[in-house]
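*Asks:* what follows is a predicted structure for the sequence shown.
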Amino acid sequence: MAHSARKDSPELPDFSMLKRLAKDQLIYLLEQLPGKKDLFIEADLMSPLDRIANVSTLRQHEVDKLYKVEYKPVISNSDQLCFLIRPRIQTVKWICDVVNADKAAGKARSYKIIFTSQKFYACDAVLEEQGIFGDVTTDEWPFYLLPLDEDIISLELPEFFRDNFLAGDQRWVRTASNALHLLHSLYGPFSKVYGIGRCSKMVYESWRQIKEGEQKTDKVDIGKVFLIDRDVDYVTPLCSQVVYEGLVDDIFRIKCGCVELGPDVTSSDKSIKVMLNSQDKVFNEIRNEHFSNVFGFLSQKARNLQTAYDKRRGMDIQQMKTFVSEELKGLKQEHRLLSLHIGASESIMKKKTKQDFQELLKTEHSLLEGFEIRECISFIEEHINRQISMIESLRLLCLLSITENGLLPKDYRSLKAQYLKSYGINHLLTFANLRQLGLLVEQQPGETLTAMESKVGKLVNDKTAGKLTDAFSSLAKKSNFRALSRKLNLVPKSDEEYDLRVPRDMAYIFSGAYVPLSCKLIEQVLERDGWTGLEEVTRLLNAHEFAGPGSNGADLAAKNDAQRTILVMFLGGCTYSEISALRFLGRERGFKFIVVTTAITNSSRLIEALLDNHV
């Protein structure tokens, strides 16, 4: 089932070094506060920290008790308190309250704040404002990158998307450029960097400033780098995932490469945490597969496993001894994993059929193809009026808006009114957020798709086009999806049957209905070694594309293996479907893709980040 890579595919670099480095840096910072101490950890850092340094490691370095930051008075008898936090004003203010409460009670303690991945000036300003600047020591833990698997690395910054693309807060740009610099230092130098998107351009420019004066190295593990902003392609994360790993994430929520499977899956009273990576042999073979193929594979695997167990019959004592010592343990482990994945698949099937999943997919495919739009609108209206799911309804509205380049005014007003009536008037701000990002907009008079394309064409053909910058960005909110779809053939012709067991292109990740725009851009740029020939596409995207040198002029052409190892950095999140598509592309072309992302996302997380009640 798992498709074998081409024989000439390069080996992936070993990213375990990133974990060791982060662990050593954290231990060094903890030892700066000698003696026993209690450690308070921000909730969203607990899972990443567990992957880097577990409880026993922390205990070895005199961490007595661990607490989760909960914004309430601290109950601790320790003389030393250490806080491991993100640079958030709310958390810093809570620490100030803790320190001031101790002062008022006459309790003398030592306090240390470790900010990760960096400290912002605003944090120091709050400490000073609250009068405790001299009472605490602060440090930075430069924990930029968490390897989730051999080809997936995450910055674990889910707030990057909302902060950067909605609030226009560029504070995380430096964090992303530092992460890129760390990879460059350990696995570079890179031969070429391509990118598309305003944020990508800023990260690239910031990284170039950091690496100036850096010593050259002969070690080359990664050749080319591609930076891409999430707002270049919103359609892909808004589509329902149908590859196994994507569905597991949608249903059970994969967190830091780990998933918690409940009693309905485990067939016991307890929930079990399972690490999902290439070490899980069963998962590794089905993770990139279309869900329709998964049950067939699992049943075949069960038969093979039974055959392996049956070998015991007729064995003499010596053969049985060998079997028990060499094979039995592996078979039991495989049996355990197989039963978990069968349980997970059954649970996915139940949940997806309950929600009329096939009807939902049919509507999505119609929207992508631009057919039967009125029927699609009726389906969305029914979805809203039956209050099936607040997030799902918004997702379908956004997909309708982007694929149709905005909604007709009467449709926009009608659908918005129905949504607010169904889910609450408090979602007015949510609609404002979606409009600001161009995810759910109303077509303006005279701004039909054809008129807009014509207007953009005139601007680009003008001799002064090279000088147009932000004045041109007013058109960026228009998706131009239909035109992009035609130029890049994103929606394959549906006149022939698509065999999902033998996928012929990246469209298999959406049942053959759509090739993800983000992955298609990466494919085209790598084919052309740049943006030449894609001028029409980049003008429709209006997304600040660039191509620049990655190294300090070193000749890297001879390092063929490294040149076929491509690092793709998604700024604003990346879906498991996109990762599956890039793995498929890598197998077909003899590349190895390493995906670096600010966080793993999906349609629910994308929409949740924009809700009006988001904190």
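*Replies:* Sure, I can see it.
*Asks:* outline the domain layout of this protein.
*Replies:* According to automatic domain parsing, the chain comprises the domains 32-143, 144-233+493-615, 244-353, 356-404+406-441.
*Asks:* turn the ones you listed into JSON lines, columns for mean neighbour count.
*Replies:* From N, CA and C alone the C-beta is placed, and that goes for glycine too. Output for the domains of the chain, formatted as JSON lines (neighbours: other CB atoms under 10 Å):
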{"stretch": "domain 32-143", "mean neighbour count": "16"}
{"stretch": "domain 144-233+493-615", "mean neighbour count": "20"}
{"stretch": "domain 244-353", "mean neighbour count": "16"}
{"stretch": "domain 356-404+406-441", "mean neighbour count": "18"}
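*Asks:* strands along the stretch 451-600 of the chain, start to end?
*Replies:* Using DSSP state E, counting those that start in this stretch, the strands of the stretch 451-600 of the chain run over residues 546-549, 565-571, 592-597.
*Asks:* name the helices or strands packed onto the shortest one?
*Replies:* Translated: strand 546-549. strand 192-196, helix 198-211 (3 or more CB pairs under 8 Å, 6 or more residues apart in numbering; DSSP states H and E).
*Asks:* cool, the last one as well?
*Replies:* Using 3+ CB pairs under 8 Å, 6+ apart as the contact criterion, the elements in contact with strand 592-597 are strand 152-154, helix 173-187, strand 565-571, helix 576-589.
*Asks:* minimum distance to Leu484: which of those has it?
*Replies:* With CB to CB, the closest approach to Leu484 among the helices and strands packed on strand 592-597 belongs to helix 576-589: 16.4 Å.
*Asks:* which strands or helices does the closest one pack on?
*Replies:* Packing partners of helix 576-589 (3+ CB pairs under 8 Å, 6+ apart): helix 244-252, helix 517-528, strand 565-571, strand 592-597.
*Asks:* let me have those in CSV, extended by distance to Leu12 and mean pLDDT.
*Replies:* Supplementary listing: the helices and strands packed on helix 576-589 in CSV, determined by distance: least, CB to CB, whole Å; pLDDT from 0 to 100:
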stretch, distance to Leu12, mean pLDDT
helix 244-252, 18, 95
helix 517-528, 17, 96
strand 565-571, 7, 96
strand 592-597, 6, 96
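*Asks:* looking at the ones you listed, which is nearest to Glu150?
*Replies:* strand 592-597 (8.7 Å).
*Asks:* show me the contact partners of the closest one.
*Replies:* With contacts defined as CB atoms under 8 Å, 6 or more residues apart in numbering, strand 592-597 is touched by 5, 9-13, 145, 151-155, 179-180, 183, 222, 564-570, 573-574, 578-579, 582-583, 585-586.
*Asks:* rerun that using 6 Å as the cut-off
*Replies:* For strand 592-597, contacts defined as CB atoms under 6 Å, 6 or more residues apart in numbering pick out 9-10, 12, 151-154, 565-570, 574, 579, 582, 586.
*Asks:* torsion angles phi and psi at Glu442?
*Replies:* With angles defined as degrees, to the nearest 10, Glu442 sits at phi -100, psi 130.
*Asks:* and it, bridged to which residues?
*Replies:* Beta-bridge partners recorded for Glu442 (DSSP bridges): Leu407.
*Asks:* quickly note the distance from it to Leu434.
*Replies:* Relative to Leu434, Glu442 is positioned 11 Å away (CB to CB, to the nearest Å).
*Asks:* next: Arg539.
*Replies:* Distance of Arg539 to Leu434, computed by CB to CB: 25 Å.
*Asks:* so Lys332 belongs to a helix, correct?
*Replies:* Yes: applying DSSP: H, G, I helix; E, B strand; the rest coil, one finds Lys332 inside a helix.
*Asks:* what's near enough to touch the nearest residue to Val235 once chain neighbours are set aside?
*Replies:* Once flanking residues are discounted, Val235 sits nearest to Ile402: 5.7 Å by CB to CB, 6 or more residues apart in numbering. Residues counted as contacts of Ile402 (CB under 6 Å, 6+ apart) are 234-235, 479, 481.
*Asks:* ditto for Arg564
*Replies:* Counted by CB under 6 Å, 6+ apart, Arg564 has contacts 10, 590-591.
*Asks:* out of the residues you listed, flag the one nearest to Ile391.
*Replies:* Phe591 (34.6 Å).
*Asks:* how far away is the closest one from Glu285?
*Replies:* Computed as CB to CB, the Phe591 to Glu285 distance reads 21 Å.
*Asks:* returning to that earlier point: just put the helices and strands packed on strand 546-549 in TSV and tack on mean pLDDT.
*Replies:* As requested, these are exported to TSV (pLDDT from 0 to 100):
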stretch	mean pLDDT
strand 192-196	96
helix 198-211	93
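*Asks:* which one of those lies closest to Arg86?
*Replies:* Closest among the helices and strands packed on strand 546-549, once you apply CB to CB, is helix 198-211, at 19.3 Å.
*Asks:* what packs against the helix or strand that comes right after that closest one?
*Replies:* Using DSSP states H and E, the helix or strand that follows helix 198-211 towards the C-terminus is strand 224-229. Here strand 224-229 touches strand 192-196, helix 198-211, strand 565-571, going by 3 or more CB pairs under 6 Å, 6 or more residues apart in numbering; DSSP states H and E.
*Asks:* right, and the ones you listed - which one's nearest Met46?
*Replies:* In terms of CB to CB, the element of the helices and strands packed on strand 224-229 nearest to Met46 is strand 565-571, at 23.8 Å.
*Asks:* strand partners of that closest one, parallel vs antiparallel please.
*Replies:* strand 224-229 (parallel), strand 592-597 (parallel).
*Asks:* what's the closest of the ones you listed to Thr266?
*Replies:* Thr266 sits nearest to strand 592-597 of all the strands paired with strand 565-571, at 29.3 Å, using CB to CB.
*Asks:* for the helix or strand that comes right after the closest one, name the packing helices and strands.
*Replies:* As assigned by DSSP H and E, the chain's next helix or strand after strand 592-597 is helix 603-608. Applying 3+ CB pairs under 6 Å, 6+ apart, one finds that helix 603-608 contacts helix 235-238, helix 390-403.
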